[in-house]
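>>> 3D model of this:
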Amino acid sequence: VHLRVERGGVSRVGEASSKTRATAGAAVVSIATSGVLLLRSSPVTYYAYFNLPVYFAWHCFTTLRSGSRSRTRRRTAKRVDVWGVVVTVVAIILTQVLCQSFHDRRIYTGLFCIACVAFTTLAVWFSFVAIAQEGLAQSRAARRSSAAHVVAATAAAALAPFTMLPVDLSNDIVMVVSGTVCSGVFSLLAHFVVRPLDVFGDESSGSSCRDGFKLFLVQLMLLAASSCVVISVDRLQTAEERIPDGLHATAWLIAVGAIPLPLLSPRKFTPRFVSVYLAAATVYALFSVSYESMFYSILGAAALAWMTLERYYQIHSIAMTCDVGDVVTYASVSTTRSLHLGDVRHAAVFLVLINAAFFGTGNIASVASFEMSSVYRFTTRFNPYLMGGLLVLKVLVPMFTVAVAFLMSLKLQGADSFGMYLIFIALSDCMAIRFFYQ
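Predicted coordinates for the structure are as follows:
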């Protein structure tokens, strides 16, 4: 008992000195940067924008140091620290690449192509790992990880062409309807293929009828109804005829009726995400005039692939710690753990997808990029406040779906949502600093 007390005291002294050095380093960086901003006569807000990521970097560093000292396996802790540093450096570099995407949307095509190659390489590597493993649980986890990487690579490859398409959206009703059809097909695959696999460990075993199926059918019918409204309005516009008020009312009823339906879905990962995906697809179809609907359908599928990939990373890491012959079961995480440096990857992926959700639908960093014909299914009377609000809603719908996938992924990992949000804000501030110094 005396020996434990002495070790604890030494550990506390070491942690205090480490925290003091980190605080001094953060203070030096903050003072030096504030001096540069003062020489440049920068506004007061610039000081807040830069010092916010400095504070979060200091907080993450001190938390990481205190957590690593409590580990019993020094070698494992060191390996985790190195991986976390690599991920953090890549995330910071990625923020600077994303800054360039505000001037050139084709940056996302390159990023998605790189992701496709990386996922394909990892899929091949996990395939060889599955062959080399002797244990059934380890081999099965590696095979599933390989399949998840193949799906993620396919989703990344499908997203890549959209930021190469022209910004000026020409009216293409075939693309809009094709996008709604793809959304329906992806939803069916998620409900009848992904959900029975019980990827997220929250489905009841031995159940022949999945709960939430009736709601799923209702949402599919609303998606089909939105396609009918789109086709009807487009035909009337082509014939230069007046759009009846009843058709506008139908579009409003479909949109208003679809939005709250995810609240009625089962509180499980796959059905809840599919419900959010379908509700947003129904509303987004009413706004689409060209390839935006198709982009959203693939973006939602990519978000689900991201969740699945993170889950299989977790399953594979657990299986690798078990002995050969052990029976391994996986359940959903119910506790919240503290963040570590490697969790920066979640915020980095979310940052890429949330920006791609904006630029991938033909938007550019200008108000002039908003297409007014997107609101003609809801109103044709000139009302700047109503039309402006609807255009903003169109921009937010894909971002909302990505945000839901992000929060679900954090819940799967048991990570602190608020802490991860702060890391995301810190990465966003790194992008803001680049713009400030340009």
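>>> The closest residue to residue 310 other than its chain neighbours is in what secondary structure piece?
In space, and not counting its chain neighbours, residue 310 is closest to residue 409: 5.0 Å by Cβ to Cβ, 6 or more residues apart in numbering. C-beta coordinates here come from the backbone N, C-alpha and C atoms, glycine included. Secondary structure assigned from DSSP states H and E places residue 409 in helix 384-413.
>>> what element comes up after that helix heading to the C-terminus?
helix 417-436.
>>> What's the mean pLDDT across that following helix?
Helix 417-436 comes out with an average pLDDT of 84.
>>> Helix 384-413 and that one, what's the angle between them?
Interaxial angle of helix 417-436 relative to helix 384-413 (axes from the mean of the first three to the mean of the last three Cα atoms, to 10 degrees): 130 degrees.
>>> elements contacting helix 417-436?
Counting contacts by 3 or more Cβ pairs under 8 Å, 6 or more residues apart in numbering; DSSP states H and E, helix 417-436 packs against helix 44-69, helix 74-101, helix 344-359, helix 384-413.
>>> how about that helix: buried residues?
Neighbour-count burial for helix 417-436 flags 419-420, 422-424, 426-433, 436 (criterion: 16 or more other Cβ atoms under 10 Å).
>>> Now do that helix: distance to the chain's middle.
Centroid displacement of helix 417-436 relative to its chain, using Cα atoms, centre = their mean, to the nearest Å, is 15 Å.
>>> any idea of the angle that helix forms with helix 74-101?
50 degrees.
>>> Can you name the residues in contact with helix 417-436?
Helix 417-436 has contacts (Cβ atoms under 8 Å, 6 or more residues apart in numbering) with 42, 46, 49-50, 52-53, 56-57, 60, 91-92, 95-96, 98-99, 338-339, 343-344, 346-348, 350-351, 407, 410-411.
>>> Just the buried ones from those?
Among the contacts of helix 417-436, those buried by neighbour count (16+ other Cβ under 10 Å) are 42, 46, 49-50, 52-53, 56-57, 60, 91-92, 95, 98-99, 339, 343-344, 346-348, 350-351, 410-411.
>>> Next, format the buried residues of helix 417-436 as CSV and append distance to residue 122.
As requested, these are arranged in CSV below (distance: Cβ to Cβ, whole Å):
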residue, distance to residue 122
419, 27
420, 23
422, 29
423, 24
424, 24
426, 27
427, 23
428, 28
429, 30
430, 27
431, 27
432, 32
433, 32
436, 36
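>>> Skipping adjacent residues, who's closest to residue 61 in space?
Distances taken as Cβ to Cβ, 6+ apart put residue 22 closest to residue 61, at 5.2 Å, once the chain neighbours are dropped.
>>> The one you found: neighbouring residues, count only.
18 (other Cβ atoms under 10 Å).
>>> Which pLDDT value does the model give it?
Looking at residue 22, its pLDDT stands at 74.
>>> Name the helix or strand for it, please.
For residue 22, the element it lies in under DSSP H and E is helix 2-39.
>>> so who does the residue nearest to residue 310 touch?
306, 307, 310, 346.
>>> Figure out how far the helix holding residue 409 is from the centre of its chain.
Relative to the centre of its chain, helix 384-413 is centred 11 Å away, using Cα atoms, centre = their mean.
>>> who's in contact with residue 53?
By Cβ under 8 Å, 6+ apart, the contact list for residue 53 reads 426, 427, 429, 430, 433.
>>> No further queries at this time; thank you.
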